[in-house]
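Enquirer: Sharing a model that was predicted from the sequence below.
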Amino acid sequence: MRKDGIIPINKPNVPDLKSLLPEYSEVFDNGMLTNHKYVGIFEERLREYLRTENVVCVSCCTSGLMLVAKCLVLTGEVIVPSFTFPATVHSLIWNNLTPVFVDCDPETFNLDVAQVEKKITEKTSAILGVYIFGNPPEMEKLENLASKYHLKLIFDSAHALGARFGGKFAGNFGDAEVFSLAPTKIITSGEGGIITTKEKTLAEKLRLARNYGNPGDYDCSLLGLNARMNELSAILGLKSMNLLEGSIAKREVLVDLYKRELSKIEGIDFQKIKEGNRTTFNYFAILINPRKFGMNNKKLLLALKEKGIMTRIYFYPPVHRQKVYKQYYATYINSLPCTDKIADSIICLPLYSDMGEERVLRVCEAIKDLGGNTRHERG
Ligand SMILES: Cc1ncc(COP(=O)(O)O)c(C=O)c1O
């Protein structure tokens, strides 16, 4: 192992502990660990930052997605990508909904909108889009489709806090969006989720739903969960907001450096971010063409690990190929060619907000050493 140590794929982005102590001390003193003021203060801070109308904080993105599907009273089929994290789709199954998988776009890795329209039937009640690694999907086209067919439109925005489609922040699209504040995200609250919605009545229903559906007298009016964010998480999230813009800017610089170096090597491609949009680079993913590069993504992962560089083949397997989704296999096997191709060639490289440029260069050097020819040599 090299003296300069292991390079992790990801590191939690947290503020200085001292900056949290006044609020943490207050909560420890008054004993109000949950159901108190900091969740509301955090929600207000997020509302201002995202310039959105309603924010409801929850325990995680998964519970947020489950509650959104429940509160929108979705039925039948929901159109969703398979190239995503399993929780996107689990949230539908937990609501007895049928996921209808749609292939992804080979360049952006997001939902292929042309395919979405083909999958709409009379049973479809919603489209669930995902910002893959923070990259905004085609919002206008999806909004037009949803309104043309009277469908609900939801986004799994787990990776997308701070992303923008055109001039608008993620958190302003569809009927609702749900973000994650897990430790692998741009900022974290330990665990946590954020729901945004333009609809006040939906926000009120979600507030009830995150608290068992209990309006206060335990005469529950809907089947909710305990999906509350606790006060300590809210304080961590609130203080971490000061890190958010700087972290995205830092990641942009690191990704530029990665791209400058890696584009010199044959057989490597990048996720496309459409002009005018901002991704968060929650992950920096590259596609490996084994014939041109000289080895496939799985071998590259092992070879980099030998050199102390941690990477991840992500998302893999795609959801439609996971064991628990076997019952849907028969329909989807070989029918999502782009999803399969991307899942078989992708690899996410180390990227975190306080990563030094020398570490990016070390990763690029290692990939260059392992790969085949440089583009220059091939002419
Ligand atoms: C796209 C996507 N959706 C949902 C989730 C689940 O988020 P959480 O862990 O906050 O429930 C993740 C987690 O990484 C994710 O990547």
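Expert: Right, received. Where do you want to start? Bear in mind the structure is a predicted one, so any value in this text is a computation, not a measurement.

Enquirer: Low-confidence bits of this structure, can you list those?
Expert: 1-4, 372-379 (pLDDT under 70).

Enquirer: Could you chop it up by domain?
Expert: What the record gives for the chain is the domain set 17-240, 243-378, from automatic domain parsing.

Enquirer: could I get these as TSV with mean neighbour count?
Expert: Using the backbone N, CA and C atoms, a C-beta is placed for each residue, glycine as well. As requested, the domains of the chain are exported to TSV (neighbours: other Cβ atoms under 10 Å):
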stretch	mean neighbour count
domain 17-240	20
domain 243-378	17
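
Enquirer: which one of these lies closest to the ligand?
Expert: The closest of the domains of the chain to the ligand is domain 17-240. By Cβ to the nearest ligand atom, the value is 3.3 Å.

Enquirer: any residue of the helix of greatest length in the chain up close to the ligand?
Expert: Taking DSSP state H as the criterion, the chain has its longest helix at helix 231-262. No. With Cβ under 6 Å from any ligand atom as the criterion, the ligand is not reached by helix 231-262; the gap is at least 11.2 Å.

Enquirer: What parts of the stretch 51-200 of the chain come near the ligand?
Expert: Neighbours of the ligand within the stretch 51-200 of the chain, by Cβ under 6 Å from any ligand atom: 60-62, 84-85, 87-88, 130, 156, 158-159, 180, 182, 193.

Enquirer: ok, now with 8 Å
Expert: 60-65, 84-85, 87-88, 130-132, 156, 158-159, 178, 180-182, 184-185, 191-193 (Cβ under 8 Å from any ligand atom).

Enquirer: And the strand of greatest length in the chain, what does it pack against?
Expert: Ranked by residue count, the top strand of the chain under DSSP state E comes out as strand 124-130. Contacts defined by 3 or more Cβ pairs under 8 Å, 6 or more residues apart in numbering; DSSP states H and E place strand 124-130 against strand 77-81, helix 86-93, helix 139-148, strand 152-156.

Enquirer: What angle do strand 77-81 and the last one make with each other?
Expert: Taking axes from the mean of the first three to the mean of the last three Cα atoms, to 10 degrees, one finds that strand 152-156 is oriented at 30 degrees with respect to strand 77-81.

Enquirer: can you check the third one too?
Expert: Regarding helix 139-148 and strand 77-81, their directions subtend 170 degrees when assessed with the same axes, to 10 degrees.

Enquirer: And helix 139-148, what does it pack against?
Expert: Packing partners of helix 139-148 (3+ Cβ pairs under 8 Å, 6+ apart): helix 113-119, strand 124-130, strand 152-156.

Enquirer: So which of the residues of the stretch 51-200 of the chain next to the ligand sit within strands?
Expert: Among those, the members falling in strands (DSSP E) are V130, D156, V178, S180, G193.

Enquirer: partners of the first one in the sheet?
Expert: V130 has these beta-bridge partners by DSSP bridges: D156.

Enquirer: Could you number the chain from 524 rather than 1 from now on?
Expert: Right, with 524 as the first residue, what we last looked at is V653.

Enquirer: List the contacts of it.
Expert: V603, P604, T607, F608, T611, N633, L634, P660, F678, D679, S680, A681 (Cβ atoms under 8 Å, 6 or more residues apart in numbering).

Enquirer: quick one: secondary structure of N558?
Expert: N558 falls in the coil class when you classify it by DSSP: H, G, I helix; E, B strand; the rest coil.

Enquirer: do the one 4 residues further on as well
Expert: Of the three states, V562 takes helix under three-state DSSP.

Enquirer: Tell me if I'm right that it and I758 touch.
Expert: No. Counting by Cβ atoms under 8 Å, V562 does not reach I758; the two are 9.5 Å apart.

Enquirer: Find residues that contact each of the two.
Expert: Counting by Cβ under 8 Å, 6+ apart, V562 and I758 have no contacts in common.

Enquirer: Show me which residues of the stretch 774-902 of the chain are close to the ligand?
Expert: Proximity of the stretch 774-902 of the chain to the ligand, by Cβ under 8 Å from any ligand atom, involves residues N805, F838.

Enquirer: Would you map the helices across the stretch 774-902 of the chain?
Expert: Here the stretch 774-902 of the chain has its helices, by DSSP state H, counting those that start in this stretch, at 813-816, 820-829, 849-855, 860-868, 880-893, 898-901.

Enquirer: Quick check: which of those is nearest to H673?
Expert: Closest approach to H673 among the helices of the stretch 774-902 of the chain is made by helix 849-855 (24.8 Å; Cβ to Cβ).

Enquirer: to the chain's geometric centre, what's the distance from that closest one?
Expert: In terms of Cα atoms, centre = their mean, to the nearest Å, the centre of helix 849-855 is set 25 Å apart from its chain centre.

Enquirer: Identify all contacting residues around it.
Expert: Against helix 849-855 from outside (Cβ under 8 Å, 6+ apart): S605, P622, F624, H843, R844.

Enquirer: Farthest pair within the residues you listed?
Expert: Longest span within these, Cβ to Cβ: P622 and R844, 13.2 Å.

Enquirer: Angles on the backbone of R751, please.
Expert: According to degrees, to the nearest 10, the main-chain angles of R751 amount to phi -80, psi 150.

Enquirer: That one is in contact with N734, isn't it?
Expert: Yes. With contacts counted by Cβ under 8 Å, R751 reaches N734, the gap being 6.1 Å.

Enquirer: Find residues that contact each of the two.
Expert: Common contacts of R751 and N734, defined by Cβ under 8 Å, 6+ apart, comprise N558.
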